[in-house]
Every structure is written in structure tokens, then in C-alpha cells.
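**Q** 3D model of this:
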Amino acid sequence: MKVLVVGNGGREHALAWKIKQSPVVDRLYVARGNAGIWQIAEKVDISPTDIPALVKFAKEEKIDLTVVGPEQPLSEGIVDVFEEENLKIFGHRKSSAILEASKVFAKNFMKKYGIPTAFYETFDNEKDAIDFVKKQQMPIVIKADGLAAGKGVIIANTLDEAIQTIKDMFRGKFGEASKRIVIEEFLDGEEASYIAMVKGEKLVPMATSQDHKRVFDGDKGPNTGGMGAYSPAPIVDEKIEQEILEKIMYPTLKGMKKEGRELCGFLYAGLMIGSKGINVLEFNVRMGDPETQPIMRRLESDLVQHILDILDGNIDKVKPKWSNKYSIGVVMASKGYPGKYEKGFEITGIEEAEKDPDIVVFHSGTDIKDGKLVTNGGRVLTVTAVAETLKKAKEKVYKAVEKIHFKGAHYRKDIGDKGIKRLENI
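**A** Numbers count the residues shown, from 1 in each chain. Just a heads-up that it's a prediction; the model follows:
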């Protein structure tokens, strides 16, 4: 069968890498992809958000299955259009993708259905937001309503910072995305990512993982799209997982169906587990990036067959098989990310790093210029390793990272430390 992957990042490289292993896949295409994905899939030079061109390509090439990676095409209705043309596609319809596309919708939805989340208020003007924030305790969390590539969440530690953030947002920092904002209480604790493949009121859990959102070691600095992840996440034990399913995942599926917004695709709950229990920080209607990279390294069963079974209404048949090894991914980013950064620097050392069979390097922001591999984004690579223990996986991954070079390369050096500490204390 012919499969098309839509998207350009590390998540899509990891999905394509796994899809390529399926015995049912004869040809794999990517729109538009990156230099890493082009090594394993046929490049389709169409933007992930050019839905009419993607539909035309899928019809002409008789694509049997399309898998959508990023949130933007989902929120713009790619699934609706493909389904109208009787093209098989895995992802949520536009009406369901609002769970990620609007933080205001998501917060109001959680409140309505009793899904645990931080106390919040929503605002569509600067004055009311500033008046509100003056009465709150710091730190406080300020979120742009719409999609902002993982950068639309600011944790303000002082009132001055909160006021400035509100002004920046309403004055166009994130364009249309910050015309409305959510202001919510800051929750302490440890983050975890819980991802499942879902259809209607049923779900199949993926392996647990933990992302590292802040740009610097020790969870310092601004939020990013994610600087690294590992799987499984020891904080999510059996008891906590049961609570996540009972209080968050199943009520979300039921609530969305009741709203006439039935879910079908990947559903991601970003969680804070701390003194106030388990609370939802955000929902995403797709796999996380960089969580997908270590999760796919541990998936031993056929992802394509799982997706086909779900789309054919046989979700009960889907039983993913997971490696009992630990997997870790470290993002190598451009200097200046998540702010301004330069592109076009040559990348060397990947082949050397991948001589270790436990290492796979997934590309995010890469391109080929004049026959050379160069940087082409804020997050450039995710270096992944698998090993019998999380500690060994961390040692392996950082040895590999040290072999890869590009000008201004920046990465966190503490990915996995929370999990290692937790495992040592069990």
C-alpha cells in the first residue's frame, strides 16, 4: 500500500521511520518533510497546509492512507476534505481539532465536563486582563488562545512580567493566536505526557513519556516546543495511569462526542502531577514532539496496522507491543531558539553517532543546500538512544550528541534526570 505522511518535523520523521518498517507498506511519501525523512520517503513538494494540493496528489497517486503529524492542517480541516473525497486519513476533523486550536474552548470544555485543570479566566481585551492579574498571586500562567507552535505559553514570575506579557499578546506577538488569552493559576509538580490513539469513546494508550518544555537546564528560561523527552515516565505508575484514564481521557472522549465533535486520531494530554493532584495543562490533537521520537523507538508492533484497524472500526483489536527498554531523545537546537535564530549551518557527525546501533537521529529543521546537510529551523535534530536502564540510555544519548556539530548548537544536558532520580528512590 501507499502511505503519505504530512508534516516537516522530528515527530514526522519518527512516524515515517516506524511506518517504513510496516510489511504492508510498499511506498512511502512525505509532504514536505526534511532532509532526514527524504532518506526514507519520497519527497512531495507540497506544504502541509496546502490542503487542496494534498488532496489532488493523494487522488492522483491513489494513496491508501494519509497520516497527519502537525496540528495546523488538522485545525484547518484536512481530514474533513480527505473524507469528502473518500480518502483514508488518520487524524481529527476540524470540529474536534478545536480542543487544541483554542485554549479558551479547551478550558471551558474541561470546566463543563469536570475534567481537572487549573483555575482560569479568559480575556479578549488588555485592560480587563491586567486588572485581573493585579489581584492574583505570582507566578501566573498566560496563554495565547490559538496555535503558536508550542511557544504561546508564558509563565510570568512577577506582576511586571505578567503585565508586559499581556500587552505583548494583545499587541500582536502571536498574531491572530493571541487575540484572546487564558490566564490561569500556576501549578507545581512534575509534567507528564499521556498519549492515546482514540476513536469515539474508545482508546488505546501509547507508552508514557515526559517532555522538557523549558529551553535551559533545570527547567529555566522560556517555553519551547520541547527540548527532549524520555519513555516510559516513571511518575506515571499504574495507579496514576488509572486515574488519568478515569478522570481525564474517558470523560474527554465522552464529552467531545456529546458536543458532536467525536475524536479519531492521536489525543495528547499534557499533565501536571503535583500537590493539587493530576491536572490537564493542555490537550493536543496529535502526537507530541519530541515525545514521538522516544515512543516510536519503543513500539515493536506495526503502527500502520494499528491505524488501519482503528479506522476500520476495530479498535478493540489494537494491542501495541512495547519494548521493556528505556528510550530518550535530546533535541539539538539553533542558538537563540525559541527566539530568533540563524539557518544554513552545515551539520556533521550524524553518521558517526549512528554507528552505535542503539542510536537513531531524527531530523526536525534540516535541509540540503549545495549537497550539504544544513540547519533549517529552531529545533534541528532529536538524538535518540535505547538501553536497559534510563541511566544507560542517558549516557548513550549524550555520547552521541557530542559527536554531532553545527554552529551555535544548543541542547539541555539534564534530559532524563527527573526519571533517573525517581527510579533510584523507588
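**Q** distance between the one helix or strand Glu161 maps to and the chain's centre?
**A** Following DSSP states H and E, one finds Glu161 within helix 159-170. Offset of helix 159-170 from its chain centre (Cα atoms, centre = their mean, to the nearest Å): 26 Å.
**Q** next structured bit after it?
**A** Heading C-terminal from helix 159-170 (DSSP H and E), you reach strand 181-185.
**Q** flag the shaky bits of the stretch 301-426 of the chain, pLDDT-wise.
**A** Applying pLDDT under 70 to the stretch 301-426 of the chain flags the ranges 426.
**Q** run the last query once more with 50
**A** Judged against pLDDT under 50, the stretch 301-426 of the chain has no low-scoring part.
**Q** for it, what spans make up the strands?
**A** 326-333, 359-363, 366-369, 372-375, 379-387 (DSSP state E, counting those that start in this stretch).
**Q** quick revisit: name the helices or strands packed onto the helix holding Glu161?
**A** Here helix 159-170 touches helix 126-133, strand 140-144, strand 153-156, strand 181-185, going by 3 or more Cβ pairs under 8 Å, 6 or more residues apart in numbering; DSSP states H and E. (Glycine included, C-beta is placed from N, CA and C.)
**Q** outside of the first one, which residues touch it?
**A** Outside helix 126-133, the residues within contact range by Cβ atoms under 8 Å, 6 or more residues apart in numbering are 121, 123, 140, 142, 156, 159, 162-163, 166-167, 170-171, 181, 183.
**Q** what angle separates that helix from strand 181-185?
**A** 0 degrees (axes from the mean of the first three to the mean of the last three Cα atoms, to 10 degrees).
**Q** helix 126-133 vs helix 159-170, what angle?
**A** Going by the same axes, to 10 degrees, helix 126-133 makes 150 degrees with helix 159-170.
**Q** how far does helix 126-133 sit from the chain's center?
**A** The chain centre lies 31 Å from the centre of helix 126-133; the measure is Cα atoms, centre = their mean.
**Q** any buried residues in that helix, and which?
**A** Neighbour counts over helix 126-133 (16 or more other Cβ atoms under 10 Å) mark 129-130, 133 as buried.
**Q** could you dump that helix to CSV, C-alpha only?
**A** The C-alpha coordinates for helix 126-133 follow below in CSV (Å, rounded to 0.1, in the frame of the first residue of the first chain):
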residue,chain,number,x,y,z
GLU,A,126,-5.9,44.2,27.6
LYS,A,127,-7.5,46.3,30.4
ASP,A,128,-9.6,43.5,31.9
ALA,A,129,-6.7,41.0,31.8
ILE,A,130,-4.4,43.5,33.6
ASP,A,131,-7.0,44.3,36.2
PHE,A,132,-7.5,40.6,36.9
VAL,A,133,-3.8,39.8,37.0
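**Q** tell me the angle that helix makes with strand 140-144.
**A** Going by the same axes, to 10 degrees, helix 126-133 makes 160 degrees with strand 140-144.
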